[in-house]
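> can't give you the sequence, but here's the structure:
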């Protein structure tokens, strides 16, 4: 996962330098994994955008269990924390409600890659970034997608 975290940091730094991010801290409640405010950990859409939030869906495809790393997406204990899970079965998807103006990224890498892995970031129903990587013998297989909302 170090490779994935390094990629996430580099992507976030590049976005910050380009001036693409702008988070506002509107609070939220602790107690469980939530995005800002009315986010849904269950993976279902919880609103129509009337609350000013956008819906972001992260998707992964592949042929073996993989790790998932989404930096700063979960609001917990008064701060934003990373969503970091190991051995997730693919295909996989998860939705969050977030404030607009955020940099959104996902990184993933299977432990025992077989053929390929892919990612996709969808914001309010529109595909913003996607990538598919093919496994080559002797190499590390990772994928990452980044966009601003």
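That came through fine. If you're wondering where the values come from, they're calculated on a predicted model, not measured in any experiment.

> To what extent is the residue nearest to residue 102 when sequence neighbours are not counted buried, counted in neighbours?
Of all residues not flanking residue 102 in the chain, residue 149 sits nearest, at 5.1 Å (C-beta to C-beta, 6 or more residues apart in numbering). For glycine as for every other residue, the C-beta is placed from the backbone atoms N, C-alpha and C. Residue 149 is flanked by 20 other residues according to other C-beta atoms under 10 Å.

> so what pLDDT did residue 149 get?
Among the per-residue scores, residue 149 shows a pLDDT of 81.

> what's the answer for residue 28, then?
31.

> And the strands in the chain, which stretches?
54-62, 66-76, 79-88, 92-98, 103-110, 116-123, 126-134, 143-148 (DSSP state E).

> Give the other helices and strands that the fifth one contacts.
Based on contacts counted as 3 or more C-beta pairs under 8 Å, 6 or more residues apart in numbering; DSSP states H and E, the elements that strand 103-110 packs against are helix 2-17, strand 54-62, strand 66-76, strand 116-123, strand 143-148.

> In contact with the residue nearest to residue 102, which residues?
54, 56, 98, 99, 100, 101, 102, 103, 104, 123 (C-beta atoms under 8 Å, 6 or more residues apart in numbering).

> where does this structure have low pLDDT?
Regions of the chain meeting the criterion pLDDT under 70 cover residues 1-50.

> Please look at residue 102 and residue 146 and confirm they touch.
No - in this structure, residue 102 is not within contact of residue 146 by C-beta atoms under 8 Å, at 11.1 Å.

> wait, doesn't residue 68 sit right on residue 88?
Yes - Residue 68 is within contact range of residue 88, at 5.1 Å (criterion: C-beta under 8 Å).

> Can you check which residues contact both of the two?
In contact with both residue 68 and residue 88: residue 60, using C-beta under 8 Å, 6+ apart.

> These two: which has the busier surroundings?
Neighbour comparison, residue 68 and residue 88: the larger count goes to residue 68, with 22 against 16 (by other C-beta under 10 Å).
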